[in-house]
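> can't give you the sequence, but here's the structure:
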């Protein structure tokens with residue numbers, strides 16, 4: 001009888017004691033500041049090559065013309081990234097002008113610039129196409 005009473009007391013103690021005394025912090029996301037900073041419209045001082053990683057190496061992939069506007073993101077070191085196809089290309093910070101571009105790009109009303117281009121790729125010269133960005137890959141065409 002004594003053992004049964006002891007077991008009953010222990011069972012009630014465990015049932016009556018709350019599982020945890022830890023303080024639950026309120027979980028709110030209304031004060032979060034996300035780092036999604038839109039690009040700014042800029043131009044280069046003179047014609048400037050832009051670079052992108054191709055097969056593990058930074059290579060010149062295109063040329064920007066002076067007085068033509070394009071969108072750049074915040075600087076990352078000596079270069080500023082810009083959207084280039086499905087990835088980013090980089091422009092030297094020293095080549096960027098503070099003047100307002102004379103020729104601005106057409107508004108992207110259909111949001112095509114944020115959609116990846118998987119179906120087509122147009123080039124004006126023979127361009128090697130790689131299977132992936134790894135150095136060991138050879139060009140497909």
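In hand now; what should we look at? This is a predicted model, so every value here is computed, not measured. Numbers count the residues shown, from 1 in each chain.
> quick one: contacts of stretch 87-106?
Outside stretch 87-106, the residues that touch it by Cβ atoms under 8 Å, 6 or more residues apart in numbering are 41-46, 48, 50-53, 58, 61-62, 64, 66-73, 75-76, 78-82. Bear in mind the C-beta positions are built from the backbone N, C-alpha and C, glycine included.
> ChimeraX command to pick out the buried ones of those residues?
The ChimeraX selection below is limited to those of those classed as buried (16 or more other Cβ atoms under 10 Å):
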select :42,43,44,48,50,51,52,61,64,66,69,70,72,79,80,81,82
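> show me the contacts of stretch 87-106 that map onto strands.
If you go by DSSP state E, these have 41-44, 48, 50-53, 58, 61-62, 64, 70-72, 79-82 in strands.
> what are the boundaries of the helices in this structure?
2-16 (DSSP state H).
> ok, how many other residues are close to the closest residue to residue 48 other than its chain neighbours?
Distances taken as Cβ to Cβ, 6 or more residues apart in numbering put residue 95 closest to residue 48, at 4.3 Å, once the chain neighbours are dropped. Using other Cβ atoms under 10 Å, residue 95 has 18 other residues around it.
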